[in-house]
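> kindly generate the corresponding structure for this input.
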Amino acid sequence: MKKKESYQHPMLKNLQRIKEKGIVVFEDVRSLPLGEEPFTSPDYVIAIGHRGRMEIRYDDMPDFSAKQTVAVIFPNHTLRMESKTDDYLATLIAVDASMLNDPLLRIINQMRYRYELHPWVELNHKQYNVIMNLVEVMKETLSIDMPDQRLLLTLQLEFLMRLLGYYRSIMLHEVPSGKRISTQFHNDLAQYYRTHRDVGFYAEKACLSPKHFSTVVKNETGHSAAWWIHSRIIAESKMLLNMRRDLTVQAVANMLGFDDQAVFSRYFHRETGLYPTEYREKN
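As a prediction, the model looks like this:
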């Protein structure tokens, strides 16, 4: 009897290709990259479910991927597979994290607070087909060697995200973001979280008092500004501790703006219940 070949996740086999191309589409995806082990992606990922079902823990919160679901997962969030059906199948669009700084993809960071709270949305049959048609266009662009390939892929991704944002607002009855304070806050946070961990800094940039700023952010996102700041730092900490084991804890602390390893260790412990070295040993 022929031995069944082990499944190799396409993202893990193509990390360098994602970095070089910026945007890569993977088909025939049947599990999370590390199977049942927790996985923290350094890249931005759009996951489109085609059939079957997979039960997931997203940052320790229950969620799922199934037929006609689309998830927008930002870097540094931890996924763990709890169970899945044998017929589970999905397509992934992997985007190198550096692409999120492209002005053409500003729409992604503007919607970040929504997707990070709840990454999955179920689409109807028509919406799903339109999204898949756009994915086919992206795959065709990837198959052609051309000077402007990266720009074309960026424009296609930007259009896909705008359309998905529209579908999401319909399916989840979300109110359009407009010029929300939280949109600017998340843009500022992406730029300054390594150097500024105080709410007052972001409130000042929004020309609001810290108290009023925190109230507005919580009303718009469901979480306080302090929660978002701590979540961003801890998510980045976990990614570096997990994916960059060549770095010492001191080096990780320095990259995140902590001059003293002991201060970083206490901060990490206060937010997670584990010290950085303990977290590494468990993952």
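> where exactly do the strands run in the stretch 101-250 of the chain?
Under the criterion DSSP state E, counting those that start in this stretch, the stretch 101-250 of the chain contains strands at 120-122.
> Ala66 contacts Gly52, doesn't it?
Yes. Assessed by C-beta atoms under 8 Å, Ala66 is found in contact with Gly52 at 7.1 Å. Every residue, glycine included, has its C-beta placed from N, CA and C.
> would you map out the domains in the protein?
Annotated domains of the chain cover 10-171, 181-282 [automatic domain parsing].
> low-confidence regions, this protein specifically.
Applying pLDDT under 70 to the chain picks out residues 1-7, 173-179.
> now the domains of the chain in CSV, please, with extra columns for mean neighbour count.
Below are the domains of the chain laid out as CSV (neighbours: other C-beta atoms under 10 Å):
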stretch, mean neighbour count
domain 10-171, 17
domain 181-282, 17
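> list of residues touching the helix ranked longest in the chain?
In the chain, with assignment by DSSP state H, the single longest helix is helix 149-171. The set of residues external to helix 149-171 that reach it, using C-beta atoms under 8 Å, 6 or more residues apart in numbering, is 21-23, 46, 70, 72, 93, 95, 99, 102, 104-105, 107-108, 111, 114, 121-124, 127, 130-131, 134-135, 137-138, 141-142, 146, 174-176.
> among these, which are located in helices?
In this view, the contacts of helix 149-171 that belong to helices under DSSP H are 21, 107-108, 114, 127, 130-131, 134-135, 137-138, 141-142.
> tell me how far the spatially closest residue to Ser182 that is not a sequence neighbour lies from Asn101.
Spatial nearest neighbour of Ser182, chain neighbours left out: Glu220 (4.2 Å); criterion: C-beta to C-beta, 6 or more residues apart in numbering. Computed as C-beta to C-beta, to the nearest Å, the Glu220 to Asn101 distance reads 23 Å.
> got a list of what the residue lying closest to Thr221 once chain neighbours are set aside touches?
Counting by C-beta to C-beta, 6+ apart, Thr221 lies nearest to Tyr113, which is 4.6 Å off, once chain neighbours are set aside. Counting by C-beta under 8 Å, 6+ apart, Tyr113 touches Ser182, Thr183, His186, Glu220, Thr221, Trp228.
> report the two of the residues you listed separated the most.
Farthest pair in the contacts of Tyr113 (C-beta to C-beta) is Thr183 and Trp228. Separation: 12.2 Å.
> what's in contact with the helix or strand containing Ile18?
Per DSSP states H and E, Ile18 falls inside helix 15-21. The contact list for helix 15-21 (C-beta under 8 Å, 6+ apart) reads Met11, Val24, Asp43, Ala94, Val95, Asp96, Leu142, Gln149, Arg150, Leu153.
> and if you look at stretch 61-69?
47-57, 71, 88, 90, 118-125, 127-128.
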